[in-house]
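Peer 1: Quick one, structure for this:
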Amino acid sequence: MTDEFNKRLEEIVSLCKRRGFIYPSSEIYGGFSSTYDLGPLGALLAENIKNLWRKELVQKRPDVFLLDGAIFCHPKTWEASGHVASFNDPLVEDKLTHIRYRADHLIEEKLGISTSGMKFEEMARLIVEHKLKSPAGNEFTELESFNLMMTAKLGATESGKEEAYLRGETCQIIFLQYKNLVNYARRKMPFGVLQIGKAFRNEVTTKQFVLRTREFNQMEFEFFTRDAEALTWYDYWKEFFLVLLTGGLGIDGSKIRYRKIPKEEMSHYAKEQHDLEILLTGGKWLEISPLNHRGVWDLSRHSEYSGEDLSFFDSETKEKFVPTVLETSFGLERVIYVLLDQAYTEEEVTDSKGNKEKRIVLKFKPSVAPIKAAILPLMKKDGLAERAKEIYGTLSNFWSVEYDESGSIGKRYRRQDEIGTPFCITVDYDTLEKGTVTVRHRDTMTQETILAAELENYLRARI
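Peer 2: All right, here's what the predicted structure looks like:
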């Protein structure tokens, strides 16, 4: 990783904890590896992203439905999906420290060669031939296959507990409910299903803040269609999600790409696969979602393992077929990090006394920003605080807004800049006498005076 990437990562980690976006989990007990909690602002930011997905994919479309499936499901689910047999990473362990490492990552880092499509046996041979050592300088154990599925014991008594899997991805629950979803869709094809929720993977290497963790949120979308129409729909969804990222979230389109995955790198079920990647500060391309043409793999496998007929019958054409599935699966935490990375800005500004100072500002798109507006009374006395609270009460009916009366007005502006609030509304003596307020714009720091009675319409037009 470049120094620039690491510097930005440190800045974001610091800001997230300081301003309530993301906290290390279990910190009072020394923390818990690769686990994070969304703070007040992080939770709001996450909800804004999820609400955008729900609105654009479900609310505004008649052909996509919402599902919220269980974290646990029948263990055979993961045999049918291929996760039990194929969801593996190559693992080596430092003989002295007992720290585990991904063998493919070590080979790529130390030898500068791609491990794409390389068998585990070949990786093991390279480690021995090149005498690769751990970062601590110690020898490794023999390479082992490490399954990423997390297990749990379910049951009220120790003797009666049975082993189950925490879902490694959310999409399998959609496939399990396929027959019910077909009935709900009134047997029309094509149709899609969106699910947002937790997934769990027993990652060997967890690092770089929320970019790789064992517990994460997926915004997973499955689209069922006829095979003959699949590539047309594939191109449609490819463009749809570009527009969602740029127009909906405000991500810089010049920093987005679809990377075509070569055949030898594709997932075991994929017929066509592109990874949607975003360029982070420092030059790192981050995958935030695959776009998969899954063929008929999923429904065929679940039909085979369950004995249920999961084909689709078209009553008009009398055609019976197993639908092809197209998929995107956005990592919510990764999307949050991308927004923070692109929004984070440091500027040199001049204060009211002519002194130079650094301003940290998150330049979120207003519709994405956790807090849309801050209401700031110029003084706590003379009825200004009471009037400001009245305005807060009105605006909070429509958006997440903040009331802040602590510290100088300049310090309050800086606090709001740092959490990405697009508008600061100052209540002063003119508010009491003339009914006006001063609106400060985050990005330009310009101010304009408007009637307090017009605030709702003013903000609505800009949010």
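Peer 1: Output the lowest mean pLDDT helix or strand found in this structure.
Peer 2: Across the helices and strands of the chain, the lowest-confidence element by mean pLDDT, DSSP states H and E is helix 83-86, at a mean of 66.
Peer 1: next SSE after that one?
Peer 2: strand 88-93 (DSSP states H and E).
Peer 1: Sort out which residues of that next one are buried, please.
Peer 2: 89-93 (16 or more other Cβ atoms under 10 Å). Using the backbone N, CA and C atoms, a C-beta is placed for each residue, glycine as well.
Peer 1: How about stretch 293-302?
Peer 2: 293-299, 301-302.
Peer 1: hang on, the earlier thing: farthest-separated two in the buried residues of strand 88-93?
Peer 2: Using Cβ to Cβ, the two most remote members of those are Asp89 and Glu93, lying 12.7 Å apart.
Peer 1: Can you add distance to Ile174 and pLDDT and give the buried residues of strand 88-93 back as TSV?
Peer 2: Converted to TSV, these look like this (distance: Cβ to Cβ, whole Å; pLDDT from 0 to 100):
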residue	distance to Ile174	pLDDT
Asp89	25	73
Pro90	30	82
Leu91	30	79
Val92	36	85
Glu93	36	84
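Peer 1: Which one of the residues you listed is nearest to Trp233?
Peer 2: Nearest to Trp233 among the buried residues of strand 88-93, with distances taken as Cβ to Cβ, is Asp89, at 31.9 Å.
Peer 1: unless I'm mixing things up, that closest one is touching Leu143, no?
Peer 2: No. Asp89 lies out of contact with Leu143 (Cβ atoms under 8 Å); the separation is 10.3 Å.
Peer 1: Ile12: what secondary structure?
Peer 2: With DSSP: H, G, I helix; E, B strand; the rest coil as the basis, Ile12 sits in helix.
Peer 1: you'd agree it is up against Gln208?
Peer 2: No. Using Cβ under 8 Å, Ile12 is not in contact with Gln208, being 10.5 Å away.
Peer 1: Name the residue in those two with the higher neighbour count.
Peer 2: Counted by other Cβ atoms under 10 Å, Ile12 and Gln208 do not tie: Ile12 has more neighbours, with 22 against 17.
Peer 1: Which residue, other than its chain neighbours, is closest to the more buried one?
Peer 2: If the residues on either side of it in the chain are set aside, Ile12 comes closest to Leu340, at 5.1 Å by Cβ to Cβ, 6 or more residues apart in numbering.
Peer 1: likewise Thr421?
Peer 2: Closest to Thr421 by Cβ to Cβ, 6+ apart is Ile371, at 4.6 Å.
Peer 1: what about that neighbour, distance to Phe423?
Peer 2: 9 Å (Cβ to Cβ, to the nearest Å).
Peer 1: which one of these two has more residues nearby?
Peer 2: Under the neighbour definition other Cβ under 10 Å, Ile371 and Phe423 were set side by side, and Phe423 has more, 24 against 20.
Peer 1: Checking Ile450 next. Helix, strand or coil?
Peer 2: Relying on three-state DSSP, one would call Ile450 strand.
Peer 1: Report the separation between it and Tyr337.
Peer 2: Counting by Cβ to Cβ, the gap from Ile450 to Tyr337 is 35 Å.
Peer 1: what about those two, which has more around it?
Peer 2: Set Ile450 next to Tyr337 and count neighbours by other Cβ under 10 Å: Tyr337 wins out with 23 against 15.
Peer 1: and Ile419, how many neighbours?
Peer 2: Residues near Ile419, counting by other Cβ under 10 Å: 25.
Peer 1: So for it, what's the nearest residue that isn't a sequence neighbour?
Peer 2: Arg19 (5.1 Å).
Peer 1: count of neighbours near that neighbour?
Peer 2: 19.
Peer 1: That one contacts Gly420, doesn't it?
Peer 2: No. Contact criterion Cβ under 8 Å: Arg19 and Gly420 do not qualify, at 9.2 Å.
Peer 1: Which residue ranges of the stretch 101-250 of the chain form strands?
Peer 2: 144-147, 150-154, 162-166, 191-200, 215-225 (DSSP state E, counting those that start in this stretch).
Peer 1: Next, the angle from the third one to strand 191-200.
Peer 2: Just to be clear, that refers to strand 162-166. If you take axes from the mean of the first three to the mean of the last three Cα atoms, to 10 degrees, strand 162-166 sits at 110 degrees to strand 191-200.
Peer 1: Can you pull up the most central residue in this protein?
Peer 2: Closest to where the C-alpha atoms of the chain average out (Cα atoms, centre = their mean) is Leu332, at 1.4 Å.
Peer 1: Which residue ranges of the stretch 101-250 of the chain form helices?
Peer 2: Along the stretch 101-250 of the chain, counting by DSSP state H, counting those that start in this stretch, helices occupy 103-111, 120-129, 171-176, 178-184, 230-243.
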